[in-house]
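Enquirer: 3D model of this:
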Amino acid sequence: MPVQSGTCRVVREVTVAEGRFAPGHLGELTQIVPFEMVDAVLAKTGAVQQRVRDLPSRVVVYLLLAAALFTECGYRQVWARMITGLDGRAVPTPTAVALAAARRRIGPAPLAALFDLLRGPAAGPATKGVWWRGRLVTAVDGTHLCCPDTPANLAVYCKGGSNHGGTGYPMVRLLALVACGTRTIIDVTFGTTRRGETGYATDLVPGIRAPMIVLADRNFAVADLLAQIADRGADLLIRVKNGRRLPVCARCADGSWLSWIGPLKVRVIRAQITITTPDGQRTEAYQLVTTVLDAPAGEVVGLYHQRWEIETAFCELKQALGGGRVLRARTPAGLEQEIYARLITYQALRIVIADATLAAPDVDPDRGSFTVALRAARDQLIKAAGVIADTTIDLVGVIGRQVLDGLLPARRCRTTPRVVKRAISNYAPHTASGRLRGPSRRATISIDVLADTDP
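Expert: Next up, the predicted model:
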């Protein structure tokens, strides 16, 4: 039987901005970061172009955001992806020098203003896994980003050092206030490592408000910082060092006691946490302070585990989105611009995941895969699909539907040793004791509240 041959032409209609603004889009994520929002921050910061050129300021902003989706590509390769779906449109092909000059022209201010518009918990009143006893569960913590080893960067940022050896790159310290349930960023600050985490944490205090409960590790158990958080009307749950002796002012029936840290009245809970795996048992003592006085001590200790959600957020920001790579920018102003672009892109993806799970009230937002959302967003950008919403608004969208189709399983109780390893290292990860890290193990966790026995 003869084989039939022929030509098949697929015609796809693409709706984008007109003329030289056409390359300025982020695929379906443009509906989270629309043209009007970008134009508003450009006007506010005085970064609108004086004349319409091949690279209008709006297009440059979207170029920076798209570069955060494709961290493995140079800016010219990112540009090629932005124009791939613009079939039949005459678009410029700028040089690397032109792209660099355009990025310098707009500076970091529009990106900072754009992030300020997008930051927030992205949680509804009934969003599952976000609230605890009427309080939005949040966490504060810090991380580091490595930047190129250039004279300009070294003038501001310094290389780090630790017991495991120094770093080959200058480091940027970044602190964030994150909503644990949605892993969205409520507020952020970053700068040189010459300033400590507690110093940066005070910059996040204006973003804290009622009804929140703020979770933090031992580094943040500073009297002044705790008082500032409480003054904002939020509750706190913070770990303190086991050797820190807090006076017993009144005892509670569950073994906890009331005390004072500076001017702040707190409840102190000491607990022994035992993790049982097929390899044996591991026990560690925790001492927590909280301003929540009416909840059972065991429930409060269990809530503290939610603090690890911010570590997952940092992993998504640095590894899933950034590929564990060093930042691109070779100047401090460029670094600020690039970091804000990555934060905006991360926040937009997290908003899409949160919006998608609103359509499924029984689904916890942390079951939405960030990797699935990222890959879907990249595909939509290359196709230039969903740039402008139809008359009927689709709150879920293509990215959201892929997230719902690929939900992660309900979280199981598992544990694995912490490791010291750079994300792009070729060496196998090791635990702090020097042994190779094995697979995660199923675990059973028991919490025993310990009463204070000192008089």
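Enquirer: Helices of the stretch 151-300 of the chain, residue ranges please.
Expert: Taking DSSP state H, counting those that start in this stretch as the criterion, the stretch 151-300 of the chain carries its helices at 151-154, 197-204, 223-231, 297-304.
Enquirer: Out of those, flag the one nearest Pro365.
Expert: Distance to Pro365, taken as C-beta to C-beta, is lowest for helix 297-304 among the helices of the stretch 151-300 of the chain, at 17.3 Å. (Glycine included, C-beta is placed from N, CA and C.)
Enquirer: List of residues touching the helix or strand just after that closest one?
Expert: Per DSSP states H and E, the first helix or strand lying C-terminal to helix 297-304 is helix 309-315. Residues from elsewhere that reach helix 309-315 (C-beta atoms under 8 Å, 6 or more residues apart in numbering): Ala139, Val140, Asp141, Thr143, Ala176, Val178, Cys180, Gly181, Arg183, Ile185, Asp366.
Enquirer: Output helix 309-315 as PDB, nothing but the C-alphas.
Expert: What follows is helix 309-315, C-alpha atoms only, in PDB (Å, rounded to 0.1, in the frame of the first residue of the first chain):
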ATOM      1  CA  GLU A 309       9.300  25.000  55.400                       C
ATOM      2  CA  ILE A 310      11.500  28.100  55.000                       C
ATOM      3  CA  GLU A 311      14.500  25.800  54.300                       C
ATOM      4  CA  THR A 312      12.500  24.200  51.500                       C
ATOM      5  CA  ALA A 313      11.700  27.600  50.100                       C
ATOM      6  CA  PHE A 314      15.400  28.500  50.100                       C
ATOM      7  CA  CYS A 315      16.100  25.200  48.300                       C
END
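Enquirer: Give the rounded mean pLDDT of the very next helix or strand once past that helix.
Expert: Moving toward the C-terminus from helix 309-315, the next helix or strand (DSSP H and E) is helix 332-358. Throughout helix 332-358, pLDDT has a mean value of 96.
Enquirer: returning to that earlier point: of the helices of the stretch 151-300 of the chain, which stretch is the most buried?
Expert: Ranked by mean neighbour count, the helices of the stretch 151-300 of the chain are led by helix 297-304 with a mean of 20 (mean count of other C-beta atoms under 10 Å).
Enquirer: That one - what's its average pLDDT?
Expert: On average, helix 297-304 scores 94.
Enquirer: what's the answer for stretch 14-34, then?
Expert: 90.
Enquirer: next one: stretch 74-92
Expert: 91.
Enquirer: Name the residues that touch that stretch?
Expert: 12, 14, 16, 20, 22-25, 54-55, 62-63, 66-67, 70, 73, 93-96, 99-100, 103, 378, 381-385.
Enquirer: Send me that stretch as CSV with only the CA atoms.
Expert: Taking Å, rounded to 0.1, in the frame of the first residue of the first chain, the C-alpha atoms of stretch 74-92 are listed here in CSV:
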residue,chain,number,x,y,z
GLY,A,74,23.1,33.8,28.9
TYR,A,75,20.9,36.8,28.2
ARG,A,76,21.1,36.4,24.4
GLN,A,77,19.8,32.8,24.8
VAL,A,78,17.1,34.0,27.1
TRP,A,79,16.1,36.6,24.5
ALA,A,80,15.9,33.9,21.8
ARG,A,81,13.4,32.0,24.0
MET,A,82,11.3,35.1,24.5
ILE,A,83,10.9,35.6,20.8
THR,A,84,10.6,32.0,19.7
GLY,A,85,6.8,32.0,19.9
LEU,A,86,6.4,35.4,18.1
ASP,A,87,5.9,33.9,14.7
GLY,A,88,5.7,36.4,11.8
ARG,A,89,6.6,39.4,13.9
ALA,A,90,9.5,41.6,13.1
VAL,A,91,11.5,41.7,16.4
PRO,A,92,15.1,42.9,16.9
